[in-house]
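> generate a structure from the sequence data that follows.
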Amino acid sequence: MLERQGRTDAHALHDFGLLTRRTVVAHANFLTADDVALMARTGASVAHCPLSNFYFANSVFPARSGREQGLGMGLATDISGGYSPSMFDACRHAMTASLALHEGVDPAQTAARRGRAGQGVQARIDHVFALWLATAAGGDALDLPIGRIEPGHAMDALAVDCLAPDSNVQIWPEQDGPADILQKIIHHATRANVACTWVQGACVHRRQAASPA
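Residues are numbered from 1 along each chain as shown. Now for the predicted structure:
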């Protein structure tokens, strides 16, 4: 679009009246700083799909800097372009993508030139940011009362069993506090750890107890 029309996709959408509070743009890896400012001003948001971006976009969406500029966003899986529908996986992929952007990936470059860290720019996100992307941020982007456990919001929740059979989450009660447990869940939980799922207050999934041997 920039080469053909002299304007970016974001500005073209805006010129056609399509960049509004109800607009959610998928991927958005190649937004310019001016594009981000425009989207933030119009209230448009981004659906961040880190795994499919690695596969097909050859680029990383700068979630941290987008957030700092007031850009709405949420986390997505885009399983047509990736292999996992798991939001746990999406959180982990988002953290990995941000680390690649922060540190860089080309070993032929010096550390100072390899990634954004060498430019003095913080691009890395942590597990708390990733969880926010997967929950509250998406609700805010869609103007829906979801993603938070508070009055007036939908009861959408998971019960995570860290002691489930075949669990990858190892908890040390004497050492791990709530913050440690949350970090371990985001980094290690799988479908096996989901004991119960509620959507709009209704239990839609409950893991069956293992049959006796």
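
> check which residues of the lengthiest helix in the chain are buried.
Identified as the longest helix of the chain according to DSSP state H is helix 87-103. By neighbour count on 16 or more other CB atoms under 10 Å, the buried set for helix 87-103 is 87-95, 97-102. (Each C-beta comes from the backbone N, C-alpha and C, glycine too.)

> before we move on, what about stretch 64-83?
Across stretch 64-83, burial judged by 16+ other CB under 10 Å covers 64-67, 71-78, 81-82.

> endpoints of it, how far apart?
Between the opening and closing residues of stretch 64-83 there is a gap of 24 Å (CA to CA, to the nearest Å).

> cool, stretch 171-186 as well?
End-to-end distance for stretch 171-186, by CA to CA: 13 Å.

> now stretch 65-77
21 Å.

> backbone phi and psi for the residue most central in space within the chain, please?
Geometric centre of the chain, nearest residue: Leu75, 3.4 Å, by CA atoms, centre = their mean. In terms of degrees, to the nearest 10, the main-chain angles of Leu75 are phi -100, psi 140.

> pretty sure it sits against Gly139.
No: contact between Leu75 and Gly139 fails when scored by CB atoms under 8 Å: they sit 11.4 Å apart.

> what ranges do the strands span in the chain?
Along the chain, counting by DSSP state E, strands occupy 24-26, 45-48, 72-75, 157-160, 194-199, 202-206.

> what sits up against the first one?
For strand 24-26, the surrounding residues in contact (CB atoms under 8 Å, 6 or more residues apart in numbering) are 10, 13, 39, 44-47, 49, 74, 76, 78, 141-142.
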